[in-house]
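Asks: need coordinates for the following:
(2 chains)
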Amino acid sequence: MRPETAWPWLVFAGLGMFHGLNPAMGWLFAVALGLHRRSRRAVLLALPPLALGHALAIGVVAAAAVALGLRVDPVIARVAAGGLLVGWAGYHWLYGHRHRVRIGMTVGAAGLAVWSFLMATAHGAGLMLLPALLPLCVMPGVAGGPVALTLAAVAMHTAAMLATTGAVALLVYDWLGVGVLRRGWVNLDVVWTGVLAATGVGLVVTA
Amino acid sequence: MPTWRPDPTFYPSPRLAMKAPAETLAYVASFDPARAVPDVLSVVDVDPASRTYAQIVGNVAMPNVGDELHHFGWNACSSCLCPNAPHPHVERRYLIVPGLRSSRIHILDTRPDPRQPTIHRVLEPAEVAERAGYTRPHTIHCGPEGIYVTALANAEGEAPGGMFLMDHESFDIRGRWEIDRGPQRLAYDAWWHLGYDTMVTSEWGLPATFENGLVPEVLLGGQYGHKLHFWDLHARKHVQEIDFGTENQLVFELRPAHDPTRAYGFVNSVISLKDLSASIWTWYRDGKAWTARKIIEIPAEPADPEKLPPMLKSFKAVPPLVTDIDLSMDDRFLYVSCWGTGDLRQYDVSDPFSPKLAGTVRIGGIAARATHPKAGSPLNGGPQMVEISRDGRRIYFTNSLYGAIDEQFYHEGLDGWMVKLDAGPDGGIAFDPTFFVDWPKTHRPHQVRLQGGDCSSDSYCYP
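Replies: Take a look at the predicted model:
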């Protein structure tokens, strides 16, 4: 694989790790469920639905990107995607704290997947992948075409997210304890909003 | 502004919160019963190392008169660390201070000088009524969706009372909380079991039955609140009510276990029509439903009618009038205010169905007029709003219940005071002989909140 084709995959994996690290994307929920149910198994059982919800949220954006990328001039697609990202960052900055809470501690697997989907969507997790997704849509002559490539991208991202979520959840559940939240829960939302905005601006500038 | 790390006063679990540093300031709602001068939020120095220990060191006057400050709370607390609705990077900084009589809501900023908060914003009564659909705001709790406010009446001052939400950053009113209130009509207190996605609410009465004092006919007719309501916290739907029976009047303060895995809590009924006793009940999860059981009954005490107010003379007894209870952070000790007799009791509730009396002090009281080591003369009023430090070692309380009701039971007048108890690690309570705040005669003290959080301000998602 040549460097210019390798970078999108590194981005998918890297952002998967970034999303997995964010307590608001699921590892903390898994830990809490484990503590409530006094069961390490509950931590592990929470992981698949969390990953599924996240994958769906990413998949929706990816599908839209493919559809857009195949039909629209790449420059317009990049500008539109960039504008969307900047707008999302602004929304997240202003109103990110006031989402209606629908899922609580008695959640089951389906609810957890819904929660993960909603959190990833609200945070614009999928949008963050757009810069790496858009080139895939217009990459000529790749086996399987853009749809297969996009599916592979979502799978790669989700695998990295799941691995990180699971690792952090078990680290906190088995070793660190939730006391680590007091100092260790840095404001990833600020970083997150910054990444969204920077990605958006980058897309527009390089269009 | 968002912060880089969680507010240092947020703790993931009650166990960790118990290790918090000792509080140095207490905030106390203080109102003028004559409604001649503005109510104030007073700041009391509770740092034993300070030269101004046990003194009022700051006062914030409200912009109007006649608000009747009563209960209040923080904009944000430990529930911000919950995994399902995290917003950990806000500050515990603003006090939400409603006027129970005026329906005005004051937002006070405790920075930069926590001894002298400033008024950050005032929501006028008309705005509250229009946007919330409710009036007579009472309990304030910081929680998963922002600030929860219970209100005793609708916009017209009638039933139903209920609950509304406020934004914890902008303090805009976001509207009514309930989506389906079922049979609930009366409101008073609210709190929750975050581990069970359950809201619990209790009942007092409508403004016409308390704003000019308790109405004897309503009380003897068993028409004040006597029910608990259980709700789906996130669907905002009523799921169950528990009726304590009309003889158990005024079902007030809700103290669910702090440990979110424990599905039980305590609530007081102020007075029984059967024999003037007061009772404490434990509610708990039984299979898929909630149920409740009376665990403590405190009898009325015979008294010389000469010493009693007109309302009680014919009964020749002092009702204990349990008007507030509070649960220590480790869910081990329940503190019970007997506003009538003057007892402040400590029960060991390690087994929530088998309480053991672990300590008692007496101060004030309708007939007893018990004194305090530092006061030296008989005192009126009785133990009322009680607050416990997070480590469980210090207990603070004040002596006024509600302007119009104070006069009914303490007919010769009620002079405000605030005192502190020291609690042993395994039970036992005693007055701190150096802590007696002789309240300014223009005002009376009600709820106490401790800087950084206390045992009725925060809720937790992790055991």
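Asks: ramachandran coordinates for residue 87?
Replies: Let's take chain A. Listed backbone geometry of A:Gly87 is phi -60, psi -40, with angles given as degrees, to the nearest 10.
Asks: would you mind naming what in chain A lies close to chain B?
Replies: Within chain A, the positions near chain B by CB under 8 Å from any CB of the partner chain are A:23-24, A:28-29, A:31-32, A:35-36, A:38, A:97-107, A:115, A:178-179, A:181-183, A:185-187, A:189-190. For every residue, glycine as well, the C-beta is placed using N, CA and C.
Asks: ends of stretch B:89-108, how far apart?
Replies: This stretch, stretch B:89-108, spans 19 Å end to end (CA to CA, to the nearest Å).
Asks: for that stretch, give the mean pLDDT please.
Replies: What stretch B:89-108 shows for mean pLDDT is 97.
Asks: can you tell if that stretch touches chain A?
Replies: Yes: for a cut-off given as CB under 8 Å from any CB, stretch B:89-108 has contacts with chain A, namely B:His89, B:Val90.
Asks: for the residue of the stretch 201-350 of chain B found nearest chain A, which three-state class applies?
Replies: Scanning the stretch 201-350 of chain B for the residue nearest chain A gives B:His234, at 5.1 Å (criterion: CB to the nearest CB). Under DSSP: H, G, I helix; E, B strand; the rest coil, B:His234 falls in the coil class.
Asks: count the residues that sit near it.
Replies: The number of residues packed near B:His234 is 22, by other CB atoms under 10 Å in any protein chain shown.
Asks: hmm, it is touching A:Ile103, no?
Replies: Yes: shown here, B:His234 and A:Ile103 form a contact pair, counting by CB atoms under 8 Å, at 6.7 Å.
Asks: if we can go back for a sec, which residues touch the residue of the stretch 201-350 of chain B closest to chain A?
Replies: B:His234 makes contacts with A:Val101, A:Arg102, A:Ile103, A:Gly104, B:Pro144, B:Asp197, as judged by CB atoms under 8 Å, 6 or more residues apart in numbering or on different chains.
Asks: for the second one, which non-adjacent residue is closest in space?
Replies: Spelled out, that is A:Arg102. Nearest residue to A:Arg102, sequence neighbours excluded (CB to CB, 6 or more residues apart in numbering or on different chains): B:His234, at 5.5 Å.
Asks: so how far is A:Ala24 from that neighbour?
Replies: Per CB to CB, to the nearest Å, B:His234 is found 17 Å from A:Ala24.
Asks: how about B:Leu321?
Replies: Applying CB to CB to B:Leu321 and A:Ala24 gives a distance of 46 Å.
Asks: for whichever residue of chain A sits closest to chain B, what are its contacts?
Replies: Closest to chain B within chain A is A:Gly104: 3.6 Å, counting by CB to the nearest CB. Contacts for A:Gly104 (CB under 8 Å, 6+ apart) come out as B:Asn84, B:Pro144, B:Leu194, B:Asp197, B:Leu233, B:His234.
Asks: which parts of stretch A:154-166 are buried?
Replies: The neighbour-count check on stretch A:154-166 (16 or more other CB atoms under 10 Å in any protein chain shown) flags A:Val154, A:Met156, A:His157, A:Thr158, A:Ala160, A:Met161, A:Leu162, A:Ala163, A:Thr164, A:Thr165, A:Gly166 as buried.
Asks: check stretch B:171-187 too.
Replies: Neighbour-count burial for stretch B:171-187 flags B:Phe171, B:Ile173, B:Arg174, B:Arg176, B:Trp177, B:Glu178, B:Arg181, B:Gln184, B:Arg185, B:Leu186, B:Ala187 (criterion: 16+ other CB under 10 Å).
Asks: take these and keep only those in strands.
Replies: Judged by DSSP state E, those include B:Ile173, B:Arg174, B:Arg176 as members of strands.
Asks: mind putting the buried residues of stretch A:154-166 in JSON lines, secondary structure and pLDDT included?
Replies: What follows is the buried residues of stretch A:154-166, written out as JSON lines (DSSP: H, G, I helix; E, B strand; the rest coil; pLDDT from 0 to 100):
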{"residue": "A:Val154", "secondary structure": "helix", "pLDDT": "94"}
{"residue": "A:Met156", "secondary structure": "helix", "pLDDT": "95"}
{"residue": "A:His157", "secondary structure": "helix", "pLDDT": "96"}
{"residue": "A:Thr158", "secondary structure": "helix", "pLDDT": "97"}
{"residue": "A:Ala160", "secondary structure": "helix", "pLDDT": "98"}
{"residue": "A:Met161", "secondary structure": "helix", "pLDDT": "98"}
{"residue": "A:Leu162", "secondary structure": "helix", "pLDDT": "98"}
{"residue": "A:Ala163", "secondary structure": "helix", "pLDDT": "98"}
{"residue": "A:Thr164", "secondary structure": "helix", "pLDDT": "98"}
{"residue": "A:Thr165", "secondary structure": "helix", "pLDDT": "98"}
{"residue": "A:Gly166", "secondary structure": "helix", "pLDDT": "98"}
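Asks: as TSV, the residues you listed with distance to B:Thr360 would be great.
Replies: Formatted as TSV, the buried residues of stretch A:154-166 follow (distance: CB to CB, whole Å):
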residue	distance to B:Thr360
A:Val154	65
A:Met156	67
A:His157	63
A:Thr158	61
A:Ala160	61
A:Met161	57
A:Leu162	57
A:Ala163	58
A:Thr164	55
A:Thr165	52
A:Gly166	53
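Asks: which residues does the closest residue to B:Phe171 other than its chain neighbours form a beta bridge with?
Replies: Spatial nearest neighbour of B:Phe171, excluding adjacent residues (CB to CB, 6+ apart): B:Ile107 at 5.0 Å. Residues in a beta bridge with B:Ile107, per DSSP bridges, are B:Ile96, B:Arg121.
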